[in-house]
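S.K.: Quick check, what structure comes out for this input:
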Amino acid sequence: MSRGLRWGVLAAVFVVAGLLSGCVGGDSEDGTSEPSGTGGASVATGEAANLADADISITLGATREFGIELSSPTAAAGEVTFGVTNGGKLPHGFAIARHDGDPGSLPQDGLNVDATQVDILADSGSMDPGATATITLDLEPGSYVIFSNTGGHYSAGMFIGFTVE
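M.R.: Numbering: from 1, shown residues only. So this is what the prediction gives:
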């Protein structure tokens, strides 16, 4: 199989996996939710997501489909609000975990980061293209990884390091 054909097949697998992945957690009537494993994170989606209140703006999939862009790579310890926009053409997600190692070294279980081995502090679940969310967390100083845990996206390089000072 040629190298180009292998990359094409791999890309198709990621697209299909992303389209088949579902949302995590449930929405309340006001558009906020507390997905499982969030440790008390507040997640607001749709109309309830006020991006103007965000300390850190995050764009998923805008410059490159499996990329993440941050308005700042650091934040002060304490309550931090992330304003997340899916600027891509595919569903993507926002997840964050405390991790002192290389951002690309989180343990995986199949296509996703293994939540039994990683303390995922918040996970928006799958966000459709153009969707927005705000996630508020009380963060301690340290190193974190922001990533998409939507089918295969982490494996495709959709992660970035983040520091709380």
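
S.K.: so residue 98 makes contact with residue 141?
M.R.: No. With contact defined as Cβ atoms under 8 Å, residue 98 does not count as touching residue 141 (10.4 Å). The way it works is simple: take the backbone N, C-alpha and C, and place the C-beta from them, glycine included.

S.K.: neighbour count winner among those two?
M.R.: residue 98 (16 against 11; other Cβ atoms under 10 Å).

S.K.: separation between the more buried one and residue 52?
M.R.: Separation of residue 98 from residue 52 (Cβ to Cβ, to the nearest Å): 27 Å.

S.K.: can you pull out the strands in this structure?
M.R.: Counting by DSSP state E, the chain has strands at residues 32-33, 42-45, 56-60, 68-70, 74-75, 78-86, 95-98, 108-109, 112-113, 120-123, 132-139, 142-147, 159-164.

S.K.: Now render these as a markdown table, adding mean pLDDT.
M.R.: Below are the strands of the chain laid out as a markdown table (pLDDT from 0 to 100):
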| stretch | mean pLDDT |
| --- | --- |
| strand 32-33 | 39 |
| strand 42-45 | 68 |
| strand 56-60 | 97 |
| strand 68-70 | 98 |
| strand 74-75 | 98 |
| strand 78-86 | 96 |
| strand 95-98 | 97 |
| strand 108-109 | 94 |
| strand 112-113 | 94 |
| strand 120-123 | 96 |
| strand 132-139 | 95 |
| strand 142-147 | 98 |
| strand 159-164 | 98 |
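
S.K.: quick one, which of these is nearest to residue 153?
M.R.: Nearest to residue 153, of all the strands of the chain, is strand 142-147, at 7.4 Å by Cβ to Cβ.

S.K.: Convert that closest one to PDB, retaining C-alpha atoms only.
M.R.: This file holds the C-alpha atoms of strand 142-147, laid out as PDB (Å, rounded to 0.1, in the frame of the first residue of the first chain):
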ATOM      1  CA  GLY A 142       1.100  22.800  37.400                       C
ATOM      2  CA  SER A 143       1.200  21.400  33.900                       C
ATOM      3  CA  TYR A 144      -1.900  20.300  32.000                       C
ATOM      4  CA  VAL A 145      -2.900  18.900  28.600                       C
ATOM      5  CA  ILE A 146      -5.800  20.300  26.600                       C
ATOM      6  CA  PHE A 147      -7.000  17.800  24.000                       C
END
